[in-house]
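Student: model this:
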Amino acid sequence: MIDVSVVIPTRDRPELLALTLRTVLWQGDVNSEVLVVDDGTGSGTGEVLERLGDSRVHLLRNSGPPGVSGARNSGIAVANGHWIAFLDDDDLWAPGKLRAQLSVAEDAGADWVYTGDVTVDEDLHVRGGAPPPAPKEMVGDLRRYNAVPGGASNVVVRREVLDAVGGFDTHLRTSEDWDLWLRLAALSLPASVPQPLVALRTHGGMASRAVDQMLADIEIVAHRHGVPVDRARHERWAAWMCLEEGRRAVALHHYARAVMAGDVNSLGRAVMALIDPHITRRGPSQYDEWAMEAQTWLNQVGELLTEVRP
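Tutor: Okay, here's the model as predicted:
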């Protein structure tokens, strides 16, 4: 019997996918299958799987609508696991991530479960992160923004419950995970593992950098679920993404919109962005216990990095 089906959508990023898969295959004490759903040209993806040579990993073509939601739904359709876990092709898991989540969910009788996360740079150095909110707090926050840390790469959900609420909305290009979490939260409270077990790699090709699309999609989600979305928070996030890309003028525009949405503190953030254009490059303190815990397992991943880099 398969405990967990891990669904990984990918699109022409074999160099990122290779390391991501290594962190799936080192999950211990769990019987899993890994469904890599190719939504691109297929260039290089098959070669990555051949080099791994692991029978647990299966390559599928996206049989549904194009895009990350269609690819995830194609994986869900053929999954055999009692639980479904999602992972983007550029994110990483700590060893024991799946076992920790399954144990907590089963003890709590929960139908879905999340954990904590960190963001890392391309050399796998922690750049940010904090402990996740407790389940009741997280579900309350979901009404204002996507409060699940780490996005889709974090959550594990019971297959029958996922079937009951439906998969990802293929009409949403971003915020599709937030839409699904709201449907799950309407049924039951999740469980959580308060450890940094997911790492989000920052790079230029991140889907989350599509800030204009995100700002449009949150309005669709807000209207659909009747939730009072925190627009100021989303504008601040858009400003931060623009700062990381060196687009200070656009970042200031988003900070101004955050102020208009009621966040007067964004005036100070805008001033800081003008004074220090490299503010987003600051990492956590070397004494940050959350970051240190994550960096411990990330250093192990770093040893694999040289093996997968061309």
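Student: Next, the closest residue to residue 112 other than its chain neighbours: phi, psi?
Tutor: Closest residue to residue 112 apart from its sequence neighbours, by Cβ to Cβ, 6 or more residues apart in numbering: residue 157 at 4.1 Å. In this view, the C-beta of every residue, glycine as well, is placed from N, C-alpha and C. Main-chain torsions, residue 157, degrees, to the nearest 10: phi -140, psi 150.
Student: Give the other helices and strands that the strand or helix carrying residue 222 contacts.
Tutor: Per DSSP states H and E, residue 222 falls inside helix 211-225. Applying 3 or more Cβ pairs under 8 Å, 6 or more residues apart in numbering; DSSP states H and E, one finds that helix 211-225 contacts helix 176-185, helix 231-244.
Student: on that earlier part again, give the contact list for the residue nearest to residue 112.
Tutor: Contacts for residue 157 (Cβ atoms under 8 Å, 6 or more residues apart in numbering) come out as 83, 84, 111, 112, 113, 184.
Student: what does residue 96 give?
Tutor: If a contact means Cβ under 8 Å, 6+ apart, then residue 96 has 27, 28, 29, 197 as its contacts.
Student: go on, residue 121?
Tutor: By Cβ under 8 Å, 6+ apart, residue 121 lies in contact with 127, 201, 202.
Student: Just checking: what are the partner strands of the longest strand anywhere in the chain?
Tutor: Determined from DSSP state E, the single longest strand within the chain is strand 191-201. When sheet partners are counted by DSSP bridges, strand 191-201 sits next to strand 91-93 (antiparallel), strand 112-120 (parallel).
Student: TSV for those, including mean pLDDT?
Tutor: Conversion of the strands paired with strand 191-201 to TSV gives the following (pLDDT from 0 to 100):
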stretch	mean pLDDT
strand 91-93	97
strand 112-120	97
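Student: Any idea how many residues pack against the closest residue to residue 200 other than its chain neighbours?
Tutor: Leaving aside its sequence neighbours, residue 200 sits nearest to residue 119 (Cβ to Cβ, 6+ apart; 4.9 Å). Residues near residue 119, counting by other Cβ atoms under 10 Å, number 17.
Student: Inside strands: which ones of the contacts of residue 96?
Tutor: Filtering the contacts of residue 96 for strands - DSSP E - leaves residue 197.
Student: now, which of the contacts of residue 96 lie within helices?
Tutor: If you go by DSSP state H, the contacts of residue 96 have nothing in helices.
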